[in-house]
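Engineer: Structural data only, the sequence is not supplied:
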């Protein structure tokens, strides 16, 4: 999987929007952008994914730059339960069926 | 049911012990995975099973022995582990339909301590 770059940590206040950036300048045309998060003492969980267009689901929104070299995960109203490590992962087309996790962004949410 | 279960939740073992970790899913997924996660690090892939056959072994030492007895079960047999093998062991599963869009479902992990 192609490499992604994320800030090590970010801080937010409860009930405010959070924008988590991810750079993936070597992305190829067939790479899907996936986001997972890992809450404390739990396994990772899927958040959202996209290819070219912006995506929304009940957990978050994914904004993808026009050149696809970066993306942003948007949590519209952060809660204390959103405190987690967020991983941005590119799924490539070479047949590797596993996830290659980068170091992720540790999000802290203040009350 | 979108759950992956793992047992036990915690395991303490000596370096001469033999133990097994168990993972189960009933989502009909035909790909199952073992990941290892050291403290404050991201998960790292160990093994991948596709249709009950081992398809990827990430050069894992032979003291870790995976087994997929059927499409719902995945085991990881442990023997003669070292203290540096202490970690969180995560199981995951995925359906093949949808290709690169498909998501993985993770279990809560087994926290292993080797003394």
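Structural biologist: Good, I have the coordinates. Nothing here was measured: the structure is a model prediction, and the numbers come from that model.

Engineer: show me the contacts for the residue lying closest to residue B:52 once chain neighbours are set aside.
Structural biologist: Distance criterion C-beta to C-beta, 6 or more residues apart in numbering or on different chains; nearest residue to residue B:52, sequence neighbours excluded, is residue B:68 at 4.7 Å. Quick note: C-beta positions are derived from backbone N, CA and C, even for glycine. By C-beta atoms under 8 Å, 6 or more residues apart in numbering or on different chains, the contact list for residue B:68 reads B:32, B:49, B:52, B:53, B:54, B:74, B:75.

Engineer: buried sites along the strand or helix carrying the last one?
Structural biologist: What that stands for is residue B:75. Secondary structure assigned from DSSP states H and E places residue B:75 in strand B:73-79. Neighbour counts over strand B:73-79 (16 or more other C-beta atoms under 10 Å in any protein chain shown) mark B:74, B:75, B:76, B:78 as buried.

Engineer: just these now: which is nearest chain A?
Structural biologist: Using C-beta to the nearest C-beta, residue B:74 is the member of the buried residues of strand B:73-79 that sits closest to chain A, with 13.7 Å.

Engineer: What is the neighbour count of residue B:112?
Structural biologist: 21 (other C-beta atoms under 10 Å in any protein chain shown).

Engineer: can you give me phi and psi for the closest residue to residue B:29 other than its chain neighbours?
Structural biologist: Nearest residue to residue B:29 in three dimensions, chain neighbours excluded: residue B:93, at 3.9 Å (C-beta to C-beta, 6+ apart). Backbone dihedrals for residue B:93, given as degrees, to the nearest 10, come out at phi -140, psi 160.
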